[in-house]
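Enquirer: no sequence on this one, just coordinates:
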């Protein structure tokens, strides 16, 4: 399911759909499809809506990832269950797995699928223990894993379980009998309450492993942390110019990367092709830098995501932040933790951006400005809550 607009991740989703946000320099959906392919799910139906062409460009027909992909377009928002109903003709005949296109996970979904088909439930829900369940649907199960209660995004006092729905389901084709055609209809808000009202069994499946739906910048950084953590060795994909630098792997380096004198890279780190690091640059663990970036001398980057064609000025520090394409960071700037900088933004010299702040695309700050709250741009939608 890849139909959402990803408003909660703005400014990162103004110019790309959420499944195409890069994680370690690849669209996140490529990581998901590769995981499914490795498990043996080779026929994949993708429902697309907002900026769906970008998803098709990222995946093609799926052959390079070992799968066969069919795309189903949504002309209007149909909700999660309505979106799957829209692809009904491709899903008839056998149980099928439903996964959100924005999910990043290493969960063994093949075991989930096999456990479902051994049982008799119409639908099974993947559940995972979570510390803050208020943003998810939660379920209560009995000893047979039958779901006794389900509540979407509970308020304090309603949190009867910390088992959160991953939004990953295995469904029998008969599920389509309960989903209206052409109408907005959600699994959690509409379908599951309807099935429980009719006393139709829904089972839970207790998942183990890493999972996130990349619903916030924090989740996005966490997902990238997992992917970088999985790197086991240093990989150099082309020519690299190193001038007396220190590189401690694992590190992925693209072609034509330049690392200046006395610079240090402490892995796991990924650096894309054509990126240039000046002298005395420090790149800390769990950092991803895209293609054709320029990191000027005496700058420091820790646990951050730097996308393509970004320029970081000398003596600047970036910590736990996301900086989108073609942004320019001036000299002696400080970008604090959990900050998101939109594409083509210009932060002039000595700008300080406080933690938790988002800056919309093409914003220009003043020299020495201290940014304590979000800076929006009237040329772009101002909302950042919702899907």
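Expert: Good, I have the coordinates. Owing to the predicted nature of the structure, the values given are computational and were not obtained by experimental measurement. Numbering: from 1, shown residues only.

Enquirer: only C-alpha atoms from now on, for both contacts and neighbour counts.
Expert: Will do.

Enquirer: and stretch 79-95, what's buried?
Expert: Buried residues in stretch 79-95, counting neighbours by 16 or more other C-alpha atoms under 10 Å, are found at 79, 80, 81, 82, 83, 84, 85, 86, 87, 91, 95.

Enquirer: and what of stretch 242-254?
Expert: Neighbour-count burial for stretch 242-254, counted by 16+ other C-alpha under 10 Å, picks out 242, 245, 246, 247, 249, 250, 251, 252, 253, 254.

Enquirer: kindly report the same for stretch 67-82.
Expert: Those would be 67-74, 77-82, for stretch 67-82 by 16+ other C-alpha under 10 Å.

Enquirer: low-confidence ranges in the stretch 1-150 of the chain?
Expert: Low-confidence regions of the stretch 1-150 of the chain, defined here as pLDDT under 70, do not occur.

Enquirer: what about the helices in it?
Expert: Ranges of helices in the stretch 1-150 of the chain, per DSSP state H, counting those that start in this stretch, are 28-39, 52-59, 79-85, 109-118.

Enquirer: just the angle between the last one and helix 28-39, please?
Expert: Between helix 109-118 and helix 28-39, the angle formed by their directions is 60 degrees, by axes from the mean of the first three to the mean of the last three C-alpha atoms, to 10 degrees.

Enquirer: can you spell out which helices and strands pack onto helix 109-118?
Expert: helix 28-39, strand 123-129, strand 163-171 (3 or more C-alpha pairs under 8 Å, 6 or more residues apart in numbering; DSSP states H and E).

Enquirer: now that helix: buried residues?
Expert: Going by 16+ other C-alpha under 10 Å, helix 109-118 has these buried residues: 109, 112, 113, 116, 117.

Enquirer: the second one now?
Expert: Under the neighbour-count criterion of 16+ other C-alpha under 10 Å, helix 52-59 has 52, 54, 55, 56, 58, 59 buried.

Enquirer: give the closest residue to the fourth one in space, chain neighbours not counted.
Expert: Spatially, and ignoring its direct neighbours in sequence, residue 56 is nearest to residue 71 (8.0 Å; C-alpha to C-alpha, 6 or more residues apart in numbering).

Enquirer: quick one: contacts for the one you found?
Expert: For residue 71, the contacting residues are 45, 46, 47, 48, 56, by C-alpha atoms under 8 Å, 6 or more residues apart in numbering.

Enquirer: among those, name the ones in strands.
Expert: Among these, the members falling in strands (DSSP state E) are 45, 46, 47, 48.

Enquirer: can you flag the buried ones in these?
Expert: 45, 46, 47, 48.

Enquirer: state the pair within these that is farthest apart.
Expert: 45 and 48 (9.7 Å; C-alpha to C-alpha).

Enquirer: who touches both of the two?
Expert: With C-alpha under 8 Å, 6+ apart as the test, residue 45 and residue 48 both reach 71, 72.

Enquirer: how is the protein carved up into domains?
Expert: 7-216, 229-371 (automatic domain parsing).

Enquirer: tell me how far the ends of the shortest one are from each other?
Expert: Same thing as domain 229-371. The straight-line separation of the ends of domain 229-371 (C-alpha to C-alpha, to the nearest Å) is 32 Å.

Enquirer: also the first one?
Expert: Taking C-alpha to C-alpha, the first and last residues of domain 7-216 lie 10 Å apart.

Enquirer: can you check stretch 170-187 too?
Expert: 12 Å.

Enquirer: can you check stretch 8-17 too?
Expert: The first and final residues of stretch 8-17 sit 12 Å from each other (C-alpha to C-alpha).

Enquirer: now do that stretch: distance to the chain's middle.
Expert: With C-alpha atoms, centre = their mean, to the nearest Å as the basis, stretch 8-17 stands 11 Å off its chain's centre.

Enquirer: could we number from 26 for the rest of this?
Expert: All right, first residue 26 from here; so that's stretch 33-42.

Enquirer: residue nearest the centroid of the protein?
Expert: What sits nearest the mean C-alpha location of the chain, by C-alpha atoms, centre = their mean, is residue 239, with 3.8 Å.

Enquirer: what is the neighbour count of the closest residue to that one other than its chain neighbours?
Expert: Take residue 239 and drop its neighbours on the chain: the residue closest to it by C-alpha to C-alpha, 6+ apart is residue 245, 5.0 Å away. Look at residue 245: counted by other C-alpha atoms under 10 Å, it has 22 neighbours.

Enquirer: what of residue 223?
Expert: Residues near residue 223, counting by other C-alpha under 10 Å: 9.

Enquirer: let me know the closest of the buried residues of helix 134-143 to residue 288.
Expert: Using C-alpha to C-alpha, residue 134 is the member of the buried residues of helix 134-143 that lies nearest residue 288, at 41.9 Å.

Enquirer: that closest one and residue 64 touch, don't they?
Expert: Yes: applying C-alpha atoms under 8 Å, one finds residue 134 in contact with residue 64, separated by 7.5 Å.

Enquirer: which residues does the nearest residue to residue 397 once chain neighbours are set aside contact?
Expert: The shortest distance from residue 397 to any non-neighbouring residue, by C-alpha to C-alpha, 6+ apart, is to residue 379 (5.2 Å). Taking C-alpha under 8 Å, 6+ apart, we find residue 379 in contact with 360, 361, 362, 364, 395, 396, 397, 398.
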